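Novice: predicted model and sequence follow; I will ask about them next.
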Amino acid sequence: MQILQVEGSLVCTSRHEGLKYSTFRIVRDASGKRQVATDPVGAKPGNWVFLASGSAARYAAGDFEILTDLTIAGIIDEWTPEETIEVAS
Amino acid sequence: MQILQVEGSLVCTSRHEGLKYSTFRIVRDASGKRQVATDPVGAKPGNWVFLASGSAARYAAGDFEILTDLTIAGIIDEWTPEETIEVAS
Amino acid sequence: MQILQVEGSLVCTSRHEGLKYSTFRIVRDASGKRQVATDPVGAKPGNWVFLASGSAARYAAGDFEILTDLTIAGIIDEWTPEETIEVAS
Amino acid sequence: MQILQVEGSLVCTSRHEGLKYSTFRIVRDASGKRQVATDPVGAKPGNWVFLASGSAARYAAGDFEILTDLTIAGIIDEWTPEETIEVAS
Amino acid sequence: MQILQVEGSLVCTSRHEGLKYSTFRIVRDASGKRQVATDPVGAKPGNWVFLASGSAARYAAGDFEILTDLTIAGIIDEWTPEETIEVAS
């Protein structure tokens, strides 16, 4: 699962009805590349999150009918991008 | 979900019958790389859109039998590529 | 859906029976990277085509049991790679 | 299947209930890019592992309902990254 | 479908039971990047092969329950990497 940082929310008034009442977040990787993800977890701007992609994203959105390919699955408690983190087994 | 800009429509007279009467758009990323997406939303050239890929694209096309792997899911109200957008939670 | 150019056919006498009697094409992107695609459309060398990937490729192959992940979905009437095409809505 | 090295465990107190009681590992490739994977195998930090992605990851997690897109499938006995390994048929 | 070269077999004594008795091959692309693939075809080191990815890989493995995302689908009779091959329709 990708590790990305939440940048903010997405304003989108014209959208596919299959997206229902999903909350969207703009997420970005270390290089600044941005994507849109559905967020059933309630992440905040600045949070580092990991995300389920593909068909798992639809399940994770809480309703298999929600037409997303990327969903926030969890918020990482502490994250130092691009550095070695503590190794614990 | 990827964020791409609509460039225009695609003219394609020889196509797989599984594509039915879908409308196709040429979409491109910031580097100019282009793909073809089905469009059930009615996006216009210049619009920035986000797109569902994989099996979600078929659901989003309005008919699971439509043989696409990329479908426009929504039009973003305002988008400034490659710059920081307003952060709102 | 990716946009690729047909380079030619693939000769492959030892293959998985799940591929059945599919026709294969070698397709390449602008940088020359090549992949193998099934072709239910009848594309010719030099044609620019767009292709369905993932599970859509199996549906597009005309038989969900055909074990492909890339299938030609349509032949583009005119295509100028790496240049701006006419924008029409 | 990708070949990645286990870096450590992931601490994540706020997570999607669909992840259940999965164990998560941080895994990284040769360039240091990190992802999160579920681990039903019991890999240790430093192990080189290969991982199933996509819908196979959910099956491999031991429960199709677990909302992951990357699962450790096996631990490689010996691995020398970026060098030619012994060829055996 | 990706075109890769078989490098050798993989020794892996600790593995997920969902992989059953699959034969694994190490496969690499022109740049040397390596992945693990299941092999129901019997490819030899040095062979150039094309591979089904995603859910097709599970079907191609001969048993949908085998937890792979990459399976060798056929051996290419002749292959000259990075050069133009004969064009035949």
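Specialist: Structure's in. What do you need?

Novice: all contacts plus neighbour counts: C-alpha atoms, from now on.
Specialist: Noted.

Novice: worst mean pLDDT across the helices and strands of chain A, which element?
Specialist: Lowest mean confidence among the helices and strands of chain A (mean pLDDT, DSSP states H and E): strand A:14-15, at a mean of 78.

Novice: which part of chain A gets nearest to chain B, residue-wise?
Specialist: A:Arg15 (3.9 Å; C-alpha to the nearest C-alpha).

Novice: the biggest strand by length in chain A packs against which elements?
Specialist: In chain A, taking DSSP state E as the definition, the longest strand is strand A:2-9. With contacts taken as 3 or more C-alpha pairs under 8 Å, 6 or more residues apart in numbering or on different chains; DSSP states H and E, strand A:2-9 sits against strand A:24-28, strand A:48-53, strand D:34-38.

Novice: got a pLDDT number for the residue sitting nearest the centre point of chain A?
Specialist: Centroid-nearest residue in chain A: A:Ile72, 3.4 Å away (criterion: C-alpha atoms, centre = their mean). The confidence metric pLDDT takes the value 93 at A:Ile72.

Novice: got the contact list for the residue lying closest to it once chain neighbours are set aside?
Specialist: Closest residue to A:Ile72 apart from its sequence neighbours, by C-alpha to C-alpha, 6 or more residues apart in numbering or on different chains: A:Leu51 at 4.4 Å. Residues in contact with A:Leu51, defined by C-alpha atoms under 8 Å, 6 or more residues apart in numbering or on different chains, are A:1-4, A:57, A:70-74.

Novice: element containing the closest residue to chain D within chain A?
Specialist: Nearest to chain D, among the residues of chain A, is A:Gly74, at 4.0 Å (C-alpha to the nearest C-alpha). In this assignment (DSSP states H and E), A:Gly74 forms part of strand A:70-75.

Novice: next one: that strand to chain centre, how far?
Specialist: Distance of strand A:70-75 from the chain centroid (C-alpha atoms, centre = their mean, to the nearest Å) equals 4 Å.

Novice: what residues does whichever residue of chain A sits closest to chain C make contact with?
Specialist: In chain A, the residue found nearest to chain C is A:Gly54; the distance is 10.2 Å by C-alpha to the nearest C-alpha. Applying C-alpha under 8 Å, 6+ apart to A:Gly54 gives the contacts A:69-70, B:53-56, D:54-55, D:69.

Novice: re the thing from before, contacting residues around the least confident helix or strand of chain A?
Specialist: B:41, B:73-77.

Novice: highest neighbour count among the residues you listed?
Specialist: Neighbour counts for the contacts of strand A:14-15, by other C-alpha atoms under 10 Å in any protein chain shown, peak at B:Ala73, which reaches 29 neighbours.

Novice: B:Ala60 is in contact with that one, correct?
Specialist: Yes: with contact defined as C-alpha atoms under 8 Å, B:Ala73 reaches B:Ala60; the gap is 6.9 Å.

Novice: mutual contacts of these two, please.
Specialist: Contacts common to B:Ala73 and B:Ala60, judged by C-alpha under 8 Å, 6+ apart, are A:16, A:67, B:40, B:52.

Novice: who's in contact with the second one?
Specialist: Applying C-alpha under 8 Å, 6+ apart, we find A:Leu67 in contact with A:18-19, A:58, B:52, B:56-57, B:59-60, B:73.

Novice: if we go to 6 Å?
Specialist: Going by C-alpha atoms under 6 Å, 6 or more residues apart in numbering or on different chains, A:Leu67 touches A:18-19, B:56, B:60.

Novice: in a markdown table, list those residues along with distance to A:Ile26 and neighbour count.
Specialist: Conversion of those to a markdown table gives the following (distance: C-alpha to C-alpha, whole Å; neighbours: other C-alpha atoms under 10 Å in any protein chain shown):
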| residue | distance to A:Ile26 | neighbour count |
| --- | --- | --- |
| A:Gly18 | 19 | 17 |
| A:Leu19 | 15 | 18 |
| B:Ala56 | 19 | 27 |
| B:Ala60 | 20 | 31 |
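
Novice: and which of those residues is nearest chain E?
Specialist: For the contacts of A:Leu67, the residue nearest chain E by C-alpha to the nearest C-alpha is B:Ala56; the value is 14.3 Å.

Novice: widest-spaced pair of the shared contacts of B:Ala73 and B:Ala60?
Specialist: Farthest pair in those (C-alpha to C-alpha) is A:Leu67 and B:Pro40. Separation: 12.6 Å.

Novice: please identify the buried residues of stretch A:46-57?
Specialist: A:47-57 (16 or more other C-alpha atoms under 10 Å in any protein chain shown).

Novice: which of the residues you listed sit farthest apart?
Specialist: A:Asn47 and A:Ser55 (23.8 Å).

Novice: A:Val49 reaches A:Ala73, doesn't it?
Specialist: No: using C-alpha atoms under 6 Å as the test, A:Val49 is too far from A:Ala73 to be in contact (7.3 Å).

Novice: got a pLDDT number for A:Ala61?
Specialist: 71.

Novice: what count of nearby residues applies to it?
Specialist: Counted with other C-alpha under 10 Å, A:Ala61 comes out at 29.

Novice: now A:Pro81
Specialist: 15.

Novice: which SSE is it in?
Specialist: Take DSSP H and E as the rule and A:Pro81 turns out to sit in neither a helix nor a strand.

Novice: skipping its backbone neighbours, what lies nearest it in space?
Specialist: Per C-alpha to C-alpha, 6+ apart, closest to A:Pro81 is A:Ala30, 7.4 Å.
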